[in-house]
Each structure stands twice: as structure tokens, then as C-alpha cells.
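1. Give me a 3D structure for the following:
(chains A and B, ligands or ions: 1)
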Amino acid sequence: MSEPVTPLAGASFDGLVRVTETGPQGMIVLRCPEDATDAREAATAVTGTKDPALRRAAVSNGTGILWMSPDERLILVPRAKSASTVAEMQAKLAGQHALVADVSDARAIFRLEGDPLMVREVLAKLAPVDMRPDHFEVGEVRRTRLAQVAAAFWLEQEGTADLICFRSVARYVYDLLCTAAVNGSAVKHF
Amino acid sequence: MLTIQCPHCGVQAEETELSPGGEAHLSRFGPGSEDQDFEAYLFFRENPKGVHFERWRHVHGCGKWFHAARCTVTMEVFGTYSAQTTEPPKALRDKISEKRPGWTWRDIA
Ligand SMILES: [Zn+2]
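-> Numbers count the residues shown, from 1 in each chain, chains lettered A, B, ... in the order given. Presented below is the predicted three-dimensional model:
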């Protein structure tokens, strides 16, 4: 099998926060009815985490599950394991109304690290999301838009945000993040 | 600024995170229907000053469709509810009546 290549070859930028293209990251979409217990269990079995509650992330060290919508989860696994994980889940869910698809090569993932309030500020510059510490909590997943494109992000901890977008707009999103984080542009809103 | 709470994921979504889906609770008239009904289905829409019911999609969020009731004058959002229904829920209509006594919309009051 060919080596996975990330869209920006791990680009990084230091400004108000550090912006890094992380990955390669295994990403698997699971879509199934809200009450599909078997599908939920197939996901928790491969990640070892629980099924996240509404708008929550259950992720540690790049493995886990993100709540994307009532009938959608994004499963994170090491990139080398995504194909075998999909095969395992599909075998388990054969004949059931569920979709398991490897989207690792269709997404890009970034990490923002630095001063906790500055990480919030960089995201707040780009997304219509209330990023105040008492309104956006660690572990909450937010699907939204970043300027003109769709994105999803969550705070792994204060000062560390992970962000996923479509691979086709990886350069656009990276440039947005770097521009929002450029030195001298701090608003210090929070 | 218009913000609407998505009933599926609970996000208080700002308008640019949403996609408007036009007037709510339309009955489709397709092939074989009377010309007048078909014309009304395609072209005739409410344009109220006040209480209005609309379809919205949380396009940059959870992706789901839902209904919203709002005031076109004040932008006050009275509530949101499931897309899988043909009329606004009673509780919501009562809530609107408290705030806008005597309101009507199409044949709903
Ligand atoms: Zn939503």
C-alpha cells in the first residue's frame, strides 16, 4: 500500500498560537439510526472509548469518537489502522442499516496550541461560535464554518484545539488559521 | 443578527451557519393536479409582517433540517421544532399567542 500523504506535509506556523497540520489521522464516518445500539457498540469496541454524548468528543491520543450529528459519528484511529478498522466494523454490521466509510484521505486535521485564551481567540475570529471559556467547554465538538468552509473543532484541553476540515480546502483553512494567528493581530477579547 | 437554536444539536446557531429553506408547511401539488393548485404551490408565498414559519437547515453544523417560528419585524425567534411535521406544535402556537395575541398565518392561529 502507498504511504499516506497529508495535504500540507505537516506545515506549521508560530504566531499568537502554534498552528500545525497534524496527521495522517485515521478518520471513519459512521452513520446509523440514533437508536442503533449495535453500530454504537461497534464504534466503542474499536476505540475503547464511550459513545460521546450530544456534541461531545470522547478522544484521547488521537483515538476516539466525535459526535457529529444525531445519526453521525466520526471515529478517530491511527491512520495505519483505518482500513482494518473499517473492515472489522463492516463485518460486524453486515446486513444492518449503517454506513462505515474511511474518510482519512478526504479530510485534513490541524492543531492549535498555545495560550488558552489566544487559542479561543484565533477560532473566534473565524467561526460564528461563542468561544468564551464559560460557554465553550473542553471536550465539546463544534461543527461550524471557518470563514467560507465547513470545519469541526474541539478543545482537547485548555490551550489545545484540534480542527478537521475537508482535504480539498486544507490550504485555505491553514492560511486562515495562520492569518488569524499572525503576530500583532491579538484582539485580547477574552 | 439572527440566531436560531437547532433542535437537533442544541447549538445556538448564527444565521451564517444556517441555510434558509423557505416557507414552512407547503403542500406539494405535482403532475395531475389542478393548474391553480400547482401555480400556488410553485409561486404563492406568505410575506407576513410579524409571525412567520420557515424551514431552515443547520448546513454548517449537524446538517439537519428543522422548522422555526419567528417574527419578521423584531427577529424574535419563538421556537424551533421538528422538520417531520405538517403544522407547528400546539405548545409553540400557544407561546406565540401569549406574545402576539390575535396572530394568524395562513389558516393557522
Ligand atoms: Zn444542528
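2. Now do the same contact list for residue A:123.
-> A:112, A:129, A:131, A:153, A:161, A:163, A:180 (CB atoms under 8 Å, 6 or more residues apart in numbering or on different chains). Any C-beta I mention is one placed from the backbone N, CA and C, and that applies to glycine too.
3. Just read off the phi/psi values of the fourth one.
-> Read it as residue A:153. phi -140, psi 160 (degrees, to the nearest 10).
4. Who is it paired with across the strands?
-> Beta-bridge partners for residue A:153, by DSSP bridges, are residue A:142, residue A:163.
5. gap between it and residue B:45?
-> Separation of residue A:153 from residue B:45 (CB to CB, to the nearest Å): 37 Å.
6. go on, residue B:59?
-> 21 Å.
7. of residue A:153 and residue B:45, who's got more company?
-> The residue with more neighbours, out of residue A:153 and residue B:45, is residue A:153; 27 against 10, by other CB atoms under 10 Å in any protein chain shown.
8. tell me the contacts of residue 96?
-> All of this refers to chain A. Counting by CB under 8 Å, 6+ apart, residue A:96 touches A:32, A:36, A:38, A:39.
9. My question was about chain B, not that one.
-> B:51, B:69, B:78, B:103.
10. element containing it, please.
-> According to DSSP states H and E, residue B:96 maps onto helix B:90-99.
11. Can you pull up the most central residue in chain B?
-> residue B:54 (1.9 Å; CA atoms, centre = their mean).
12. Then chain A?
-> residue A:164 (4.1 Å).
13. what pLDDT does that one get?
-> Residue A:164 carries a pLDDT value of 98.
14. picking up where we left off before, pLDDT of the helix holding residue B:96, averaged?
-> For helix B:90-99, mean pLDDT rounds to 97.
15. What would it look like as CSV? C-alpha coordinates only.
-> C-alpha atoms of helix B:90-99 as CSV (Å, rounded to 0.1, in the frame of the first residue of the first chain):
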residue,chain,number,x,y,z
LYS,B,90,-49.7,23.4,19.9
ALA,B,91,-47.3,24.5,22.7
LEU,B,92,-45.4,26.7,20.3
ARG,B,93,-48.7,28.3,18.9
ASP,B,94,-49.8,29.0,22.5
LYS,B,95,-46.5,30.6,23.3
ILE,B,96,-46.8,32.8,20.2
SER,B,97,-50.3,33.7,21.2
GLU,B,98,-49.1,35.0,24.5
LYS,B,99,-46.6,37.3,22.8
